[in-house]
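Undergrad: A predicted structure for the sequence below; I have some questions about it.
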Amino acid sequence: MADATKNTIKFYPVCNGDQSLITLADKTTLLVDCNIRESAKGDDDEKLYDVHEDLLASIQKDANGIPFVDVFILTHGDQDHCRGYEKNFYQGDPKKYSDTDKKNKLIRVDAMWFSPMIAEEHKNDDEQAYQKEAERRLDLHRRNDAARNDAGNRIRIVGYDGNKKYADLDKMRSIPGDIVTRFNDKDQDTFSVFIHSPFKKHLVAESPDKKNSTSIVFQARFKEKKSDTKFITLAIFGGDSDHVAWDTILKETKKSGKDKSEEALNWDIFLAPHHCSWSFFNDRPQENNTEPKKTSLEALDYKRGTSPKVIASCKKIVVAKPNPPHDAAKKQYVKKVGDDNFWNTTTHIIKDDTPQPIIFEITTQGPMKPKLTEGAAKAIGGAGLGIVNSASKYGSGNI
Amino acid sequence: MAAETFSKSLPEFPGTIENPALRDSLAFLHEVIGPDFKILTWDETRLAVPVKIRVDLPTLGNHDEIDIQSIEPVVLVFNLAEYPSVSPMVFTDRLDFPKDKLAHLYIAKNGRPPAFCYVRGNSDEWYANKRIEDLLIRVSNWLRDAAAGELTEDGEQFEPLRLEGYSGTIIYDYDLFAEIVKGNKSLIPGQNYTVALFERMKDEDVSSYKFIKVLTLENLSAVIEQVDKEKKKDKEAVDRKQYHYGYILWNEQEETFANYVIDFPHNWEEFKSFCALYKVDITEFEDTVATADGNYYVSFPVIVGIKRPLNLIGYSSNIEFVNFRFRVDTADVAEGKITTNIPVKIQLHNQPLTQAKARVISGLPVILPFPNVIFGCGALGSKIVMHFARSGQTGFTLIDPDCISPHNLVRHALYTDDEGSNKAVALADKIKKIYPHEKLWLANGASLKDGLFENPDTFKVYKWVMDFTASEAFFNKLVLTKSMENAQICSAGISDFGNLGILLKEGAHRNPRIDDLQAILYSHYKTDKQIREWLSREQAANTNGNLIVQVGVGCNSETTILSDDKVSAHSAYFAGVIKNEMGKAPVGGKIFLNRITEGDEYSIATSSISVEPFDVIQAINDPSWTTRFKKGILEQIKKDAVKAKKNETGGLFTGLVNYKTKTIHITDLISAPPDSKANSICFFRGHQGLPAQILKVTDGSGGQLGYIGEWHSHPKGPNGLSDVDMASVFRFKSEFAELTTPLPVFLTVVTPAGILPFVY
């Protein structure tokens, strides 16, 4: 179990999908994407980790008992990044959050990060719901509504506009190269986010993988003390970004000099984009584009320390079934960090056949797995035990 | 390449294991370790199991590049007979383990590797609630923390050496010694050591020392004289002190050292290596010991100060002291050198207790308002005083005229060694010994000298005046004292056969006063059954001539039946209450009660009564008398007078009269009886049902409260007593004079000019 007094990053096992939770020492939470499958809830499928229940246990509740995340960052609108948003997160006027909503365990998103890319194409219900909620909030801000800055109405625009224009709300916008230090109306001294993507040129380009090119990419940065210049952990969240996006990220970051002044490309944790897809290294199919792009390999060379970690948030990687994840992509990562430091969310920690989240505690020596939890000599069974919640049959005959 | 392991040198365990708990744990380890599982012999009473522990290492590399590896071999050592009551010890199995870089390692002994200090506190206690699996987790986490630099509780401070196997104790003030080292304050200028005088503590099995003073060129001859004087005393003399000159050594350079040692010196040669490691030059020290040591006894303390890069955890500076005891005889030295490899023992340092530390340990770090004066250092007072003193609050003047008698030991904070001593003096002496190196604001005496009590300057400095005398005479004296206007006064005692503790705390500017609070407490017979029953018991005890315990009687009497635990229960409550009240601005008065109930179950319950200031009016005709009305009574009679419009009206007062303080406390009203009559110029107070009402008061209050006077109104004047009123006064007076305790005639008239009390 992670130390509650420390900053942590948790990568949920959600098969081919993304869901990560950054928790700061002051309990502020940043949820990056969600992939909450109904079948993973409760005991419906014991082999799926109940991410919804874990999320509820990991976030705070306000004075009225309403669970909330401080910030929800939707990197892009693909189903495997926003599945379950509509059903599990509260949408609408936060003042109207009802007892029924509480009973349904709906999570309030105090501040949402919104990429205008979502406004371009919203093809699934969850993405549409996110877009609708964003528009509701943006409208409050446009109208200077008195409640616009209330928890549940806050919003930040990340990246540039596509066809739909939000220029009148530029004051709420962060673009690539910006560093965000304020989260849910609270300034952070030792935590910041460096925005890497999306870029305008990818938004306007016509390509079948446009959504992926325009995924939000950011670097989460932790310091030990405010006055420090050294970062104790740098974690890159790549969304579904592809090699095209990364080519631009590298060029633009180096051009600005922030690769050096802000260590903006460095990483200790690298969430392999698009679920360990070959698209990070080159165009697909891999068979036709077997050589990884130089810029993608260069991005991986910004790793730090003795054992930087690559997280593959995807199903088990097998050679026979690439689509993603790609075994070829894994091999490239392993070449850079070694097999011991390439961690797949489906296979890295398994308890009773169920994959478990990968958690990092932020220490002065970089991210580390939390301490192991000791047991005790005394034990009791709790109400949650399966046998307590199911019938037991004894004897040999039928009743 | 696999690291060289210590366990390779251990022989296999040849015996059988009878201890079933140990067998279980070994079976578990066998399952975890697999075919490599081995049971080895550690020593005669212990066996060893080598285990490889997987360690999660930090992403950015190990802290300070310490060589902790992802697989760390360790040895678990089990006590054959005492496991699991005795927890397993865990040793590193790597011969090249980075032991000099880590705190939380025990000293290596007998050529063995160092053991991990894997639990803060007692590992046996920890293991009592853990399994062998948990120990493996604990060790893995320990190594993880070592790699991450998180082994130290506070990264901003330096973790001191983990020492064990002490032989004796040495008591000195860390700050004083640290100042010597930091300031290079040597006895002879330019040297890197100084000399201090220590006294060997009596009744100790091993040599333990207490620091007395640092030698200076100024006090040198006086100290030598002091030491010689003790030397000359008869060896069997009870008061003979064993003085030892001890040495404090340090490195006079600014260089600091972060490295740890786990091989501690056991002899002179190893001591020299130890000092060399921390660049502490021993040349001059050795020369002095060999040629000019003034010690009469062969053993003496030697303290080495190591300069660390950060302040030590729990200390105010970066100097870490390691304490040794040397044993040097004349045959061990020659030509300015220690020629024998003399034995060296490690001693435990104990910091003398400071008041600040006591306050922190007691959970109240602030200094409570002081100085305060305490009257009464008997059973109750001594315990309350000690509650304060032990928690670092010592700003008291203690006053008590009595001496400790053997029977006092049944329930007093002092012991037999103080028999015959004045209680206040002995108590102050004991408190000073708790904080031997501090100057305390603590005074004591048998009594205040003549005239001092009434001198307006005497109590000016005191914030609180506390009465634990259990003396009614002193209670009255406190009531009458005019020199305590600005002090907060409280009085506590034990009643009801030891079962009721009563603390009366006055309000601001002595209103309500302690005697008002006492009267209010009695008046609560009306609503509190327990108070009613208590007063009834007290009345019965008095009536029977049984004076063992009565209201306010103390604990000094041999015939008083009262156990120490009951006095302690009350004194602990009172000390807690007073500490709490000291932190507040004084407003109203308060009565605190601590009730012990004996029966099927022994129980203690507390309660409190808040009391508003009394209305105080001096008697119009005789200002030596003061009338003190409970809040609300004057308002009520005014209301009644207004309600009667043009007619006169009246009623009766209940309460008590104190001739000693010449005070009348009015605690309640009785309305005019139904057969009373009135017109605009006359009030005829009837008596129908009145005796029954008065009886209810006297019975209910156990005789403490009763009829004390009357009031009537003069809506149109006169602003004083009329002739008719005076006739009644005379009639009453003649009757009251016949009483065993005569009652003053107390009449109050409500007039257009105000409320006017008269006392005859």
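TA: In hand now; what should we look at?

Undergrad: Could you use CA atoms for every contact and neighbour count after this?
TA: Noted.

Undergrad: And the helices in chain A?
TA: Secondary structure of chain A (DSSP state H): helices at A:51-58, A:79-82, A:85-88, A:99-103, A:117-120, A:125-142, A:200-204, A:210-213, A:243-256, A:258-261, A:273-276, A:294-300, A:327-337.

Undergrad: Could you tell me the model confidence score at residue 380?
TA: The chain I'm using is chain A. On pLDDT, residue A:380 comes in at 67.

Undergrad: hm, I was asking about chain B
TA: 95.

Undergrad: From the contact counts, what lies against whichever strand or helix holds it?
TA: Using DSSP states H and E, residue B:380 maps to helix B:379-390. Contact here means 3 or more C-alpha pairs under 8 Å, 6 or more residues apart in numbering or on different chains; DSSP states H and E; on that basis helix B:379-390 packs against helix B:423-434, helix B:564-582.

Undergrad: Look at the residue of the stretch 251-399 of chain A found nearest chain B and report its pLDDT.
TA: Residue of the stretch 251-399 of chain A nearest chain B, by C-alpha to the nearest C-alpha: residue A:305 (3.8 Å). Here, the pLDDT recorded for residue A:305 equals 94.

Undergrad: Next: residue B:264.
TA: According to the model, residue B:264 scores 81 on pLDDT.

Undergrad: what's the closest non-adjacent residue to it?
TA: Leaving aside its sequence neighbours, residue B:264 sits nearest to residue B:107 (C-alpha to C-alpha, 6 or more residues apart in numbering or on different chains; 6.6 Å).

Undergrad: wait, what's in contact with that neighbour?
TA: With contact set as C-alpha atoms under 8 Å, 6 or more residues apart in numbering or on different chains, residue B:107 has these partners: B:114-115, B:162-164, B:261-264.

Undergrad: give me the beta-bridge partners of residue A:21?
TA: Beta-bridge partners for residue A:21, by DSSP bridges, are residue A:10, residue A:31.

Undergrad: Tell me, how many residues neighbour it?
TA: Neighbourhood size, residue A:21 [other C-alpha atoms under 10 Å in any protein chain shown]: 23.

Undergrad: For it, give me its contacts.
TA: Contacts of residue A:21 (C-alpha under 8 Å, 6+ apart): A:9-12, A:29-32.

Undergrad: Residue B:209 too?
TA: B:168-171, B:198-201, B:301.

Undergrad: measure it to chain A for me?
TA: 42 Å (C-alpha to the nearest C-alpha, to the nearest Å).

Undergrad: a strand runs through the residue nearest to residue B:264, doesn't it?
TA: No: counting by DSSP: H, G, I helix; E, B strand; the rest coil, residue B:107 is located in no strand; its state is coil.

Undergrad: Just send the contacts of residue B:107 back as JSON lines, with secondary structure and neighbour count too.
TA: Formatted as JSON lines, the contacts of residue B:107 follow (DSSP: H, G, I helix; E, B strand; the rest coil; neighbours: other C-alpha atoms under 10 Å in any protein chain shown):
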{"residue": "B:114", "secondary structure": "coil", "neighbour count": "22"}
{"residue": "B:115", "secondary structure": "strand", "neighbour count": "23"}
{"residue": "B:162", "secondary structure": "coil", "neighbour count": "16"}
{"residue": "B:163", "secondary structure": "coil", "neighbour count": "18"}
{"residue": "B:164", "secondary structure": "coil", "neighbour count": "13"}
{"residue": "B:261", "secondary structure": "coil", "neighbour count": "21"}
{"residue": "B:262", "secondary structure": "coil", "neighbour count": "20"}
{"residue": "B:263", "secondary structure": "coil", "neighbour count": "19"}
{"residue": "B:264", "secondary structure": "coil", "neighbour count": "18"}
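
Undergrad: helix, strand or coil for the nearest residue to residue B:142 once chain neighbours are set aside?
TA: With sequence-adjacent residues excluded and distances taken as C-alpha to C-alpha, 6+ apart, residue B:142 is closest to residue B:118, at 6.5 Å. Following three-state DSSP, the label given to residue B:118 is coil.

Undergrad: The residue of chain B found nearest chain A: neighbouring residues, count only.
TA: Across chain B, no residue is closer to chain A than residue B:60, which sits at 3.8 Å (C-alpha to the nearest C-alpha). By other C-alpha under 10 Å, 22 other residues sit near residue B:60.

Undergrad: cool, residue B:228 as well?
TA: Neighbours of residue B:228 (other C-alpha under 10 Å): 13.

Undergrad: Kindly report the same for residue B:628.
TA: With other C-alpha under 10 Å as criterion, residue B:628 counts 23.

Undergrad: Distance-wise, check it relative to residue B:744.
TA: 15 Å (C-alpha to C-alpha, to the nearest Å).

Undergrad: interface residues of chain B facing chain A?
TA: B:56-63, B:128-131, B:133-134, B:137-138, B:140-141, B:144, B:148-149 (C-alpha under 8 Å from any C-alpha of the partner chain).

Undergrad: swap the cut-off to 7 Å and go again
TA: Contacts of chain B with chain A, taken as C-alpha under 7 Å from any C-alpha of the partner chain, map to B:56-63, B:129-131, B:134, B:137-138, B:141, B:148.

Undergrad: Restricted to helices, list those.
TA: Using DSSP H, the residues of chain B next to chain A in helices are B:134, B:137-138, B:141, B:148.

Undergrad: contacting residues for residue A:362?
TA: Neighbouring residues of residue A:362 by C-alpha atoms under 7 Å, 6 or more residues apart in numbering or on different chains: A:6-8, A:233, A:368.

Undergrad: so which of those residues is the most crowded?
TA: residue A:233 (28 neighbours).

Undergrad: where do the strands sit along the stretch 51-200 of chain A?
TA: A:60-61, A:67-73, A:83, A:108-114, A:154-158, A:173-174, A:179-180, A:182-183, A:186-187, A:191-197 (DSSP state E, counting those that start in this stretch).

Undergrad: Of all these, which one comes closest to residue B:563?
TA: Closest approach to residue B:563 among these (C-alpha to C-alpha): strand A:60-61, 53.1 Å.

Undergrad: what helices or strands is that closest one leaning on?
TA: Where contact means 3 or more C-alpha pairs under 7 Å, 6 or more residues apart in numbering or on different chains; DSSP states H and E, strand A:60-61 is packed against strand A:67-73.

Undergrad: Just checking: what are the partner strands of the strand it packs on?
TA: Checking strand A:67-73 against DSSP bridges gives partners strand A:29-32 (parallel), strand A:60-61 (antiparallel), strand A:108-114 (parallel).
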